[in-house]
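Enquirer: Build me a model:
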Amino acid sequence: MRASAHVLALTLAALAAACRTEEPSTPRVLVIGIDGVRPDVLAEVSTPNLDALAADGTFTDRARTTFPSVSGPGWSSLLTGVWPEKHGVTDNSFEGKRYDLYPDFLTRVESVRPELGTFAVADWLPLVEAEDGLPTIGNGVDAKHVIDGYETGWAAGDSLGVTSAVERLTGADPSALFVYLGNPDEVSHETGAIGEEYRGAIALADSHVGRLVAAVRQRPTYSREDWLILVSTDHGRLADGDHGGDSDEERTIFFIASGPSILKGAPDRQVGIVDVAATALAHLGIALDPSWQLDGRPVGLAAPGS
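Expert: Below you'll find the predicted structure:
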């Protein structure tokens, strides 16, 4: 009897110690946007890093983007979580934008949880810098790296942006990041095709994704963090590299949500580009306020909105 009681006491003590040492993982999110990637072409390119993320989460190559299928409304919808009729951007002039009413998800994070670190980097200027002071990603984020891809070249600009994000992941404590890669879209426009150069640009973007994922996983605090990695694009394209219309080739995009809090397999509903922001906010534990009038809903989270 005494021996059994002693064993029970030891077992209970061990369980109590385990409960004391296990701390809840801190949710964090990295959103990677790769411009102008057509999903069926993506499937033909060797992309081991994107493939690994897709295998460890939720993936669809049948998500839908905005009409018109161009970057201004596309990235605005991805970042704000609402369709163009709300955010007001219908082309690349960004005229009519209503980011004051429908801000990007990083600005939402800052308004609700200002103690969380936010970061954004892009080499397409309208996303991070605007003459009127109202870029797509608001100026209230903690850190923003502005790169002009037309000056640096898009391949070099993407590399600089990823290096900046890696430095942020390594030397700071960010909770929410957005990293933009513009080279694939520009290569397709320059070549007027979706051929080998375009495929090479997609493969290069995949290597950048690998650098970012490695930086996340090498963080000293990674074992105590719950990272959600979201990857998507703003539009597809036609065989001549053009886009903007309402065809399936132009409006069909891919969506990846990967991480320990994500259900594995295909999503159980149609995914839209507006779902990216909603998923990021929900993972961070930020309640989606009905007054925000978001069109997006969380995708793939084991406990959406928790």
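
Enquirer: Now name the helix or strand holding Phe255.
Expert: strand 252-258 (DSSP states H and E).

Enquirer: hmm, I was thinking of Leu30
Expert: Leu30 belongs to strand 26-34, assigned by DSSP H and E.

Enquirer: can you check Asn92 too?
Expert: Applying DSSP H and E, one finds Asn92 in no helix or strand.

Enquirer: I'd like the distance between the nearest residue to it once chain neighbours are set aside and Val141.
Expert: Leaving aside its chain neighbours, Asn92 sits nearest to Gly72 (4.2 Å; criterion: Cβ to Cβ, 6 or more residues apart in numbering). Quick note: C-beta positions are derived from backbone N, CA and C, even for glycine. Using Cβ to Cβ, to the nearest Å, Gly72 is found at 20 Å from Val141.

Enquirer: before we move on, what about Glu131?
Expert: 19 Å.

Enquirer: so how far is Tyr102 from the residue nearest to Asn92?
Expert: In terms of Cβ to Cβ, Gly72 sits 14 Å off from Tyr102.

Enquirer: what does Pro39 give?
Expert: For Pro39, the distance to Tyr102 - Cβ to Cβ - is 27 Å.

Enquirer: Could you check which of these two has the larger neighbour count?
Expert: When Pro39 and Tyr102 are compared for neighbours, Tyr102 comes out ahead with 25 against 17, by other Cβ atoms under 10 Å.

Enquirer: Pull the number of nearby residues for Ile194.
Expert: Ile194 has 24 nearby residues by other Cβ under 10 Å.

Enquirer: ok, now which ones touch it?
Expert: Arg38, Val41, Ser188, Arg237, Ala239, Gly241 (Cβ atoms under 8 Å, 6 or more residues apart in numbering).

Enquirer: what's it sitting at in phi/psi?
Expert: Dihedral angles of Ile194 (phi, psi; degrees, to the nearest 10) stand at phi -120, psi 40.

Enquirer: now it, nearest residue through space, not along the chain?
Expert: Val41 (5.5 Å).

Enquirer: Does that neighbour fall in a helix, a strand, or a coil region?
Expert: helix (DSSP: H, G, I helix; E, B strand; the rest coil).

Enquirer: Distance of it relative to Val209?
Expert: From Val41 to Val209 the distance is 16 Å (Cβ to Cβ).

Enquirer: the more surrounded of those two?
Expert: Between Val41 and Val209, Val209 has the larger neighbour count (other Cβ under 10 Å), namely 24 against 19.

Enquirer: which element is that one on?
Expert: Using DSSP H and E, Val209 falls in helix 196-217.

Enquirer: List of residues touching the next helix or strand after that helix?
Expert: With elements assigned by DSSP H and E, the helix or strand that comes after helix 196-217 is strand 225-232. Strand 225-232 has contacts (Cβ under 8 Å, 6+ apart) with 25-34, 50, 53, 57, 63, 78, 209, 212-213, 216, 219, 253-262, 273, 276, 279-280, 283.
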